[in-house]
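1. here you go, sequence then predicted model.
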Amino acid sequence: MSESWLDSLNGPQREAVTHGAGPLLVVAGAGTGKTRTLACRVAWLIESGVPPDRILLLTFTRRAAAEMIHRADQLTGRRTTTHVWGGTFHAVAHRLLRFHGQALGLPPGFSVIDAADAADLLNLTRNDLGLAKKDRRFPRKETLQAIYSRTVNSTDKLTDILTRHWPWCEEYADPLRDLFDAFTRRKRERNVLDYDDLLLLWRELHALSGAGDEVAERFDHVLVDEYQDTNALQAEILLGLRRENHNIMVVGDDAQSIYSFRAATVRNILDFPKQFPGTHIVTLEQNYRSTEPILAASNAVMAPARERFTKNLWSQRPSEQKPVLYTCMDEAEQCRLVCERILAHLEMGTLLRKQAVLFRAGHHSDQLEVELTRCKIPFHKYGGLKFVEAAHVKDLLALLRILENPYDELSWFRVLLLIEGIGPKSARRIMEALGVHRAPGQSSPAGAVADGSARSPWRCLAEESLKVPPAAREMFGQLRTTLLQCVGMPTAPAEEDDDLTRPTTRGTSVAAQIEKLRQFYEPIVQARYDNWVIRLRDIEQLEQIAARYRSRNRFIADLTLDPPASTADLAGPPLIDEDYLILSTIHSAKGCEWDVVHIIHAADGMIPSDMATENEAGVDEERRLFYVAMTRARDMLYIYFPLRYYHRRVYLSDAHSYAQLTRFLPSEIHSLLELRTCPAASIPRRPTPHIDLDELDRRLKHRWRE
DNA sequence: CATTTATAAATTTTT
DNA sequence: TTTATAAATG
């Protein structure tokens, strides 16, 4: 049985799949069957007798892990594959830390915060330190978080990082040190871990002799996907994980490294053979995805880049059709043309879901989305602003977090500020009164779990009379009742009428709790936002996702570690006959493929993004990004270039500037493309029907002279 | 004094 | 669309 699927692999693929013990590096060019190889490897290991739960598969997204495990399932014809440990570094770290946290002195019941929360916490810390007052141009909170994160993930010194990536912040090196000190202390005190902590603690776990060895011995084989997009900290984790046992397989393509902003470094994949002596290297060069002309153009784009692992990508899919480069007059025409092309391919039998529109930044598709809606083309968008990043979703999540951990100062702060009449000062005072800062420390780990411990915030909230500004009193009362009901604490008799709607029991479901919280939150959204209808719909969706969960803690953790990537993920399992177009940032398109790919905004300044062109390394990465976009296409690739961009800072202004075609498509390689110019753009000076001013004035005159 | 309102400015990519 | 700062309000 196993031979049948092994036979369908090519030589190098089979070599990788059936590799025995020891380190293995698979350099897999775009479209060379990387996912397939990994899935087969998992299947092969299992058929060779490796217990599934002793295999660790680290991927870039949870979707990728699920996909590979599903494929392995189909190959082996078993269901055991589901026991494979699969997921992102962060998700696996989370799981391991729940098991082994105590060995690190990590109190149980820690919560995980995302990058935006970390930024908020840095902001709070900055204000407490009075750093905001001293200097006008102290970095924004997002910048602070980015600097901190890079310091942790790159394992470089702060000063080097500032010089290299934030030279304008170098003068703040000292206050930054103080801030980061206070920030880490605060996280520890509050028992929260950010994304960086998850990796950091995982690495530390392996420095411990007991628990570290235990974790390492858990896995017979470690497999890592997209290795070119891992960072120094992740490489150290792997070293710790494979100190004795060197069964490790990493797969990647240095030409597709596009996450250096997250401190990913190609050095990982380049240095892998040095870190694991005796590494066997397999190179996959046959591209099964794209046609020859698409591959030829993609290779030409990458030719000027300095690559270390030379690959010679080749395809056996001849085609007469070169990639098409469309020059459009402006963005409006680009949108029209994209819709027209999409519908044309749909007519010819390519489903919408087999087509994708790719772009550099999330907002690049804004105008297109309007046009798609007008043309009644359904679509799902990946990347860009995430569902969980929207203010209203964060608000509701903060309410939920308080229920989970009443010592979560960040969530309390956010929630209290929602109430009209409460500002930063009152919020701090109320939190002080509730004892939010008196978190049960390491001394009494059990205290975090017990709701009714004598001085818990819940007790304070239920029993003590808090000083609340008069204007805020009513709404604060509602908040108080809502929260207490959700945790099943008795509320004071005064508010008992609320109980008529639903008898409160201790074990209300997550969805039921969200519904209760929503009732409190609804009037706030309505007062705050004009588009509250849409926002409330989001919250209903949140409720639907929650319905699939039994544990509130699990729900929150999943939502922060693996946020829904598109609106599609929110709707639950997709209907079979539902067809929709894919819109995606290039970053989110990694690892995907489509029959027809449309790349929009192929203009210098868009790609390469003009924020990345300051140094050569930045431009290099943008080039790889463009390469990734091109190599997503199987049969047909369209690249669109709008000539003219309007500056829409001023409403209805006609101010515009002319763009240049992306530098990654120089005229030397135009022979590899089919150049098409839109009718409108082909005539630079269209004989515009000019207004006859004399005639107009004559007509106008009638207004005052009958 | 704390909070709200007004005003100006900035806005890549993601676990 | 959100976020930091300045002025106005209670």
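-> Alright, I've got the coordinates. Numbering: from 1, shown residues only, chains lettered A, B, ... in the order given.
2. tell me which parts of the stretch 501-650 of chain A are close to DNA strand B?
-> Counting by Cβ under 7 Å from any atom of the strand, the residues of the stretch 501-650 of chain A close to DNA strand B are A:561-563, A:565, A:585, A:587-588, A:609, A:611-612, A:649. Heads up, the C-betas are built off the backbone N, CA and C, glycines and all.
3. okay, and for the stretch 401-550 of chain A, where does confidence drop off?
-> Scanning the stretch 401-550 of chain A for pLDDT under 70 picks out the ranges A:439-454, A:491-507.
4. residue boundaries of the helices in it?
-> Secondary structure of the stretch 401-550 of chain A by DSSP state H, counting those that start in this stretch: the helices cover A:409-418, A:424-434, A:457-463, A:473-487, A:510-528, A:532-547.
5. repeat that for the stretch 601-706 of chain A.
-> Under DSSP H, counting those that start in this stretch, the stretch 601-706 of chain A gives helices at A:616-630, A:679-682, A:693-704.
6. turn those into CSV, including distance to DNA strand C, mean neighbour count and mean pLDDT.
-> Formatted as CSV, the helices of the stretch 601-706 of chain A follow (distance: least, Cβ to the nearest atom of the strand, whole Å; neighbours: other Cβ atoms under 10 Å; pLDDT from 0 to 100):
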stretch, distance to DNA strand C, mean neighbour count, mean pLDDT
helix A:616-630, 24, 21, 93
helix A:679-682, 29, 13, 56
helix A:693-704, 36, 9, 78
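7. would you turn these into TSV with distance to residue A:372?
-> Shown next, in TSV, are these (distance: least, Cβ to Cβ, whole Å):
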stretch	distance to residue A:372
helix A:616-630	19
helix A:679-682	21
helix A:693-704	37
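8. from residue A:589, how far off is the residue in the stretch 151-300 of chain A positioned nearest to DNA strand B?
-> Going by Cβ to the nearest atom of the strand, DNA strand B is nearest to residue A:261 of the stretch 151-300 of chain A, at 3.6 Å. Distance, residue A:261 to residue A:589, by Cβ to Cβ, to the nearest Å: 16 Å.
9. okay, the two: which has more neighbours?
-> Neighbour count, other Cβ atoms under 10 Å: between residue A:261 and residue A:589, residue A:589 has more, with 24 against 15.
10. counting by contacts, list what the helix or strand where residue A:75 lies packs against.
-> For residue A:75, the host element (DSSP states H and E) is helix A:62-76. Counting contacts by 3 or more Cβ pairs under 8 Å, 6 or more residues apart in numbering; DSSP states H and E, helix A:62-76 packs against helix A:34-47, strand A:55-59, strand A:85-88.
11. contacts for that helix, please.
-> A:5, A:35-36, A:38-40, A:42-43, A:46-47, A:57, A:59, A:79, A:81-82, A:84, A:86-88, A:91, A:225-226, A:562, A:565, A:591 (Cβ atoms under 8 Å, 6 or more residues apart in numbering).
12. state the pLDDT value of the residue of the stretch 151-300 of chain A closest to DNA strand B.
-> On pLDDT, residue A:261 comes in at 92.
13. sec struct for it, please.
-> Secondary structure, DSSP: H, G, I helix; E, B strand; the rest coil: residue A:261 is helix.
14. quick one: contacts for it?
-> For residue A:261, no contacting residues are found, by Cβ under 8 Å, 6+ apart.
15. which neighbouring elements make contact with the strand ranked longest in chain A?
-> Longest strand of chain A, by residue count under DSSP state E: strand A:633-646. When contacts are defined as 3+ Cβ pairs under 8 Å, 6+ apart, strand A:633-646 sits against helix A:292-302, strand A:324-330, helix A:331-347, strand A:594-599, strand A:656-658.
16. now do the phi/psi pair for residue A:423.
-> Backbone dihedrals for residue A:423, given as degrees, to the nearest 10, come out at phi -110, psi -170.
17. residue A:107 is in contact with residue A:189, isn't it?
-> No: taking contacts as Cβ atoms under 8 Å, residue A:107 lies outside contact range of residue A:189: 10.6 Å.
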